[in-house]
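Asker: Dropping the sequence and predicted coords here.
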Amino acid sequence: MRWPMHSPTAACSPDISADDWVPTLARLEGFEPMAEAGIPPEQLEALVVSFGRYDPLALVRAANAGHLRHARKVFYDLAGMGGLYFMYGFLLPDSPGLAALRARIDELGMRQILIEMCLSLIGSTQLFAINLVSCIHPVLWGIHKSLSDQIAKGPPLLPRGEQSAEEYVEAYVAGWRAALKKAVSQQEPSAGTTQL
């Protein structure tokens with residue numbers, strides 16, 4: 001599913017209505033980032049509804065240098081989390097920490113959005129800019145905090161003491177090679193083709 005680029009909320013809400021953001025925010029734990037932005041707790045529900053129809057240009061105009069620096073960190077971190085989820089589908093070796101992170105992402109309904117954020121890092125400049133501006137919004141600050149807390153307090157993403165980073169990557173490459181070898185062995189070579 002690609003984001004509708006004609007929509008001003010394209011980077012934040014792919015085919016998601018404004019009201020659907022209310023339960024997502026309700027599942028977030030801790031609203032310190034929103035409090036820092038001057039958002040009273042009693043206004044959080046209204047903020048989430050507004051998230052589905054915010055004006056990105058107004059966000060940029062209202063942001064100061066600190067907001068922009070924080071938005072860049074939020075964007076890169078969320079994109080990285082989306083990348084971990086994306087690579088799980090490409091045989092990334094699993095761990096209790098990665099499974100817990102994916103479960104939290106799913107609980108918040110953020111899987112597709114975070115994966116798209118990850119892909120925007122290697123996509124067009126327009127997608128990159130839209131995602132970066134989106135991360136000025138305090139709702140994504142809250143989501144970032146919730147997922148960062150999950151990583152900090154949950155099981156380690158990589159099994160500590162069992163594998164080094166190099167061994168983890170080697171296991172990943174070995175898994176890919178084994179899957180490729182199995183796929184090639186299951187295919188009958190057609191006439192005029194060369195088997196790998």
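Answerer: Cool, got the structure.
Asker: lowest-confidence helix or strand of this protein?
Answerer: helix 32-36 (a mean of 53; mean pLDDT, DSSP states H and E).
Asker: Could you point out which residue ranges in the protein have low pLDDT?
Answerer: 1-55, 160-162, 188-196 (pLDDT under 70).
Asker: Now do the domain split for the protein, please.
Answerer: Here the domain parsing of the chain from automatic domain parsing is 18-157, 164-189.
Asker: out of those, deepest packed?
Answerer: Neighbour counts (mean count of other CB atoms under 10 Å) averaged over each of those peak at domain 18-157, with a mean of 17. Where you see a C-beta, it was placed from the backbone N, CA and C, and this is true even at glycine.
Asker: Do me a favour and get the end-to-end distance for stretch 87-106?
Answerer: Terminal residues of stretch 87-106 are spaced 15 Å apart (CA to CA, to the nearest Å).
Asker: what do you get for stretch 103-111?
Answerer: This stretch, stretch 103-111, spans 10 Å end to end (CA to CA).
Asker: cool, and stretch 60-70?
Answerer: Across stretch 60-70, first to last residue, CA to CA, it's 13 Å.
Asker: Also stretch 85-100?
Answerer: Terminal residues of stretch 85-100 lie 11 Å apart, using CA to CA.
Asker: now what about that stretch, what contacts it?
Answerer: With contact meaning CB atoms under 8 Å, 6 or more residues apart in numbering, stretch 85-100 is reached by 84, 101-102, 105, 111, 114-115, 118-119, 150-151, 154-159, 168, 171-172, 175-176, 179.
Asker: which residue ranges form the helices in the protein?
Answerer: Along the chain, counting by DSSP state H, helices occupy 21-26, 32-36, 44-51, 56-62, 65-88, 96-107, 111-120, 125-134, 138-153, 165-185.
Asker: Give me the distance between the nearest residue to Pro56 once chain neighbours are set aside and Ala58.
Answerer: Of all residues not flanking Pro56 in the chain, Val133 sits nearest, at 4.6 Å (CB to CB, 6 or more residues apart in numbering). To Ala58, Val133 is 10 Å away according to CB to CB, to the nearest Å.
Asker: repeat for Leu119
Answerer: Counting by CB to CB, the gap from Leu119 to Ala58 is 26 Å.
Asker: Sweet, I'm off.
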